Each structure stands twice: as structure tokens, then as C-alpha cells.
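J.: have a look; sequence and predicted model below, questions after that.
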Amino acid sequence: MSKWKEILKKEGLLEVGDFVIEVSLESECPCKDDSIYPAVLIYDTKNEEVYYLDEPFEPVGNFKEALEQVFEWFERYKNGEKPLMKRSPKKSAPEEVVRRFLEAIKSLE
């Protein structure tokens with residue numbers, strides 16, 4: 001397993017470029033079916049702003065399953081797919097932030 005994946009698995013946090021990425025679990029509220037989903041917060045240290053990934057994550061049973069989905073999405077980003085980063089449900093991250101995030105993710109070995 002890659003070093004960055006090991007760090008996320010062990011700590012739930014990863015620093016890469018100008019970003020601190022946190023992976024956790026989130027339940028949908030109001031709780032309609034007790035499903036939990038991966039939650040990915042992205043702190044931009046350059047602009048001191050917080051964003052989140054708004055990808056169509058599937059329900060998971062535990063943190064390990066959440067990480068597997070996050071790893072899959074990060075691989076997509078490394079291959080050029082643009083992340084759905086948001087500041088709030090109605091406000092997307094600025095293009096400049098998305099571009100820097102993609103560059104940071106592509107640097108992961």
C-alpha cells in the first residue's frame with residue numbers, strides 16, 4: 001500500500017501541498033436508514049478555507065470501506081477526473097482551489 005494511503009488509514013488525516021485532508025464517517029440526518037457514508041473534508045491552508053468532496057459515495061459499514069472508496073476517487077483524480085469540491089451545498093470551490101487540489105493529489109506516490 002502507498003505511503004499516503006497508510007497515513008490516511010492510520011491517522012485519518014493527510015497533508016499534501018497546501019491541503020490537509022480528513023476522512024471520516026458521516027450519517028445522513030435526519031437518519032432515515034442508518035446508513036453511513038465516507039466524508040472527506042479538505043482544509044486549504046493557503047486560503048484558510050474548508051471544503052468537502054460532494055462525490056456520490058456509496059453507503060459503507062466501517063472506516064475501512066470508506067477509505068477504499070476515497071482511495072478509488074483519489075485515483076480517478078490522479079487520472080485527471082475533476083473533483084466535486086464544495087464550500088457549501090450551493091457553492092462550489094473556486095476553480096483555482098480545485099486546480100491546486102488536483103495538482104496536490106497528482107503528486108501522491
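T.: Yes, it's here. Numbering: from 1, shown residues only.

J.: where in the chain is pLDDT low?
T.: Applying pLDDT under 70 to the chain picks out residues 1, 27-33.

J.: mind listing the strands for it?
T.: 13-16, 19-27, 36-44, 49-53, 85-88, 91-92 (DSSP state E).

J.: which neighbours in the sheet does the last one have, and how are they oriented?
T.: Partner strands and pairing direction for strand 91-92 (DSSP bridges) are strand 85-88 (antiparallel).

J.: who touches the strand it pairs with?
T.: Residues outside strand 85-88 that contact it (Cβ atoms under 8 Å, 6 or more residues apart in numbering): I42, E49, V50, Y51, Y52, L53, D54, S92, A93, V97, V98, F101. Every residue, glycine included, has its C-beta placed from N, CA and C.

J.: V20 and G12: what is the separation?
T.: 11 Å (Cβ to Cβ, to the nearest Å).

J.: repeat that for W73.
T.: 16 Å.

J.: can you check L41 too?
T.: In this view, L41 and G12 are 10 Å apart by Cβ to Cβ.

J.: by contact count, what packs against the longest helix along the chain?
T.: When the chain is parsed with DSSP state H, its longest helix is helix 63-78. Contacts defined by 3 or more Cβ pairs under 8 Å, 6 or more residues apart in numbering; DSSP states H and E place helix 63-78 against helix 3-11, strand 19-27, strand 36-44, helix 95-106.

J.: appreciated, that's everything.
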